[in-house]
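>>> coords below, sequence missing:
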């Protein structure tokens, strides 16, 4: 990788750690530069502004997740296995980046038009890939019948809420960082059981 690309990637990786891992959502370009060990001018050289850097790392995160989801639901695996892998993607990502959901919600509030673009793409892949398969499984009696929209909202909520409410949950249950990560990993079995009304088999 060329030096310029390495520096650009270093800045992006540092920003991800600051915003997604540490939860410092108001971090300045100077704080990002200090953490990365680069001159602040380099951030403006590669990204023009803090807003452009934020948009870049958010786009990268969303596109990476979307690509993995496409690969899962375009496969020929059983539907429940697809959902199991879908849960893996979100839970593993959230263990690594516990503040990513808070970051996304903050950006949705700050820049609703930009987030509409991502929502539109999510709507398209959900309607074309996931919902038809979900309804088919229900028609075959393989999973309990429920409105497909409720199934998806249940799944997304069960994945997202523990991240959004992280400080509250940690305080109420006296979880340290290690306990909280273990709790998130255990969520997969709990979510699977709620969605399918059956035990998760590893």
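Thanks, I have the structure now. Keep in mind that what you see is a predicted model, and the values were worked out from it rather than measured.
>>> Can you tell me which helix or strand of this structure has the lowest average pLDDT?
helix 112-125 (a mean of 71; mean pLDDT, DSSP states H and E).
>>> I'd like the next helix or strand past that helix.
Downstream of helix 112-125, the next assigned helix or strand under DSSP states H and E is helix 131-139.
>>> re the thing from before, the least confident helix or strand of the chain packs against which elements?
Applying 3 or more C-beta pairs under 8 Å, 6 or more residues apart in numbering; DSSP states H and E, we find helix 112-125 packed against helix 50-73, helix 100-110. Every residue, glycine included, has its C-beta placed from N, CA and C.
>>> who touches that helix?
55, 62, 66, 69-70, 73, 104, 107-108 (C-beta atoms under 8 Å, 6 or more residues apart in numbering).
>>> Could you list the low-pLDDT ranges of the chain?
1-3, 114-115, 118, 121, 200-202 (pLDDT under 70).
>>> residues in contact with the residue sitting nearest the centre point of it?
Closest residue to the average C-alpha location of the chain: residue 90 at 5.4 Å, with C-alpha atoms, centre = their mean. Contact partners of residue 90, counting by C-beta under 8 Å, 6+ apart, are 65, 159.
>>> State the helix or strand in which it lies.
Here residue 90 is assigned to helix 79-96, by DSSP H and E.
>>> related to what we said a few turns ago, take the helices and strands packed on helix 112-125 and write them to a markdown table, including mean neighbour count and distance to residue 168.
Shown next, in a markdown table, are those (neighbours: other C-beta atoms under 10 Å; distance: least, C-beta to C-beta, whole Å):
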| stretch | mean neighbour count | distance to residue 168 |
| --- | --- | --- |
| helix 50-73 | 16 | 24 |
| helix 100-110 | 17 | 12 |
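>>> Adding distance to residue 25, write the ones you listed out as TSV.
Output for these, formatted as TSV (distance: least, C-beta to C-beta, whole Å):
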stretch	distance to residue 25
helix 50-73	10
helix 100-110	6
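>>> Any idea which of these gets closest to residue 162?
Among these, helix 100-110 comes nearest to residue 162, with 9.0 Å by C-beta to C-beta.
>>> per-domain residue ranges of this protein.
Using automatic domain parsing, the domain parsing of the chain gives 1-48, 51-196.
>>> Fine by me, thanks again.
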